[in-house]
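Novice: test case, fold it:
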Amino acid sequence: MMYIAENEIWKLLETVFDPEIPVLNIVEMGIVREVNLNNNACEIKITPTYSGCPAMNTIENEIIKVLSKAGIKSVKVEKIFTETWTTDWIGQDARNKLRKYGIAPPEGESASDFYDNILTKNITCPYCKSTNTELTSEFGSTSCKSLHFCKDCHQPFEHFKCI
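Specialist: Numbering: from 1, shown residues only. Have a look, this model is predicted:
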């Protein structure tokens, strides 16, 4: 029987990317909350970024596929809702990846602050770093992003909403 250590499981999970934000893997996003190994069985606990997020089934299937391919005989993925996912779980390296990809990362404000200020706060443009921006839609290509326009470099961009 093949043995895989927990740290190896975490490394494998880093190869699973969010299909709606393909520049970040599910570990960087904080979606993976726990890895439990018991003999050659593995249970992965994940927290959805948004209630009803359509990417969660794809992510769950990809986790099972990656771990099964690595030789783990039994893989169970459990969605947990006891803690609410927050953009605070996205580290600075991941925020930098978002910016390089052209998505303005969450800027550290809480969800309540963000929604109180959504119409007045100028989000920093990921292309030119200007704050001379405007909200054009509360929703971008997905419900977790809003659409903005930079008045300086004239680029539209998405902002990963804070939760």
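
Novice: going by C-alpha atoms from here, please, whenever you check contacts or count neighbours.
Specialist: Noted.

Novice: so Lys97, which of the three states?
Specialist: helix (DSSP: H, G, I helix; E, B strand; the rest coil).

Novice: OK, contacts around it?
Specialist: Val23, Leu24 (Cα atoms under 8 Å, 6 or more residues apart in numbering).

Novice: any idea how far it is from Val23?
Specialist: 7 Å (Cα to Cα, to the nearest Å).

Novice: cool, Ala70 as well?
Specialist: 23 Å.

Novice: what sits against the nearest residue to Trp89 once chain neighbours are set aside?
Specialist: Spatially, and ignoring its direct neighbours in sequence, Trp89 is nearest to Gly30 (5.1 Å; Cα to Cα, 6 or more residues apart in numbering). Gly30 makes contacts with Thr47, Trp85, Trp89, Ile90, as judged by Cα under 8 Å, 6+ apart.

Novice: which of the helices or strands spans Gly30?
Specialist: Using DSSP states H and E, Gly30 falls within no helix or strand.

Novice: still on that earlier bit, nearest to Leu37, of the contacts of Gly30?
Specialist: When the contacts of Gly30 are ranked by distance to Leu37 (Cα to Cα), Thr47 comes first, at 18.3 Å.

Novice: the helix or strand harbouring Lys45: which residues count as buried?
Specialist: Applying DSSP H and E as the criterion places Lys45 in strand 41-46. Buried residues in strand 41-46, defined by neighbour count with 16 or more other Cα atoms under 10 Å: Cys42, Glu43, Ile44, Lys45, Ile46.

Novice: so the last one sits against Val35, correct?
Specialist: Read that as Ile46. No - the pair Ile46 / Val35 is not scored as a contact, 9.2 Å apart, by Cα atoms under 8 Å.

Novice: got a list of what the residue nearest to the spatial centre of the chain touches?
Specialist: The centroid of the chain falls nearest to Met29 when counting by Cα atoms, centre = their mean (3.8 Å). Met29 sits next to Thr87, Trp89, Ile90, Gly91, Ala94 when contact means Cα under 8 Å, 6+ apart.

Novice: do you have the helices of this structure handy? List them.
Specialist: 6-13, 55-69, 92-101, 111-117 (DSSP state H).

Novice: buried stuff in the longest one?
Specialist: The one in question is helix 55-69. Met56, Ile59, Glu60, Glu62, Ile63, Ile64, Val66, Leu67.

Novice: what about it, average pLDDT?
Specialist: If you average the pLDDT over helix 55-69, you get 95.

Novice: all further residue positions should be reported with the first residue as 405.
Specialist: Yes, from this point I'll number from 405; that puts the last item at helix 459-473.
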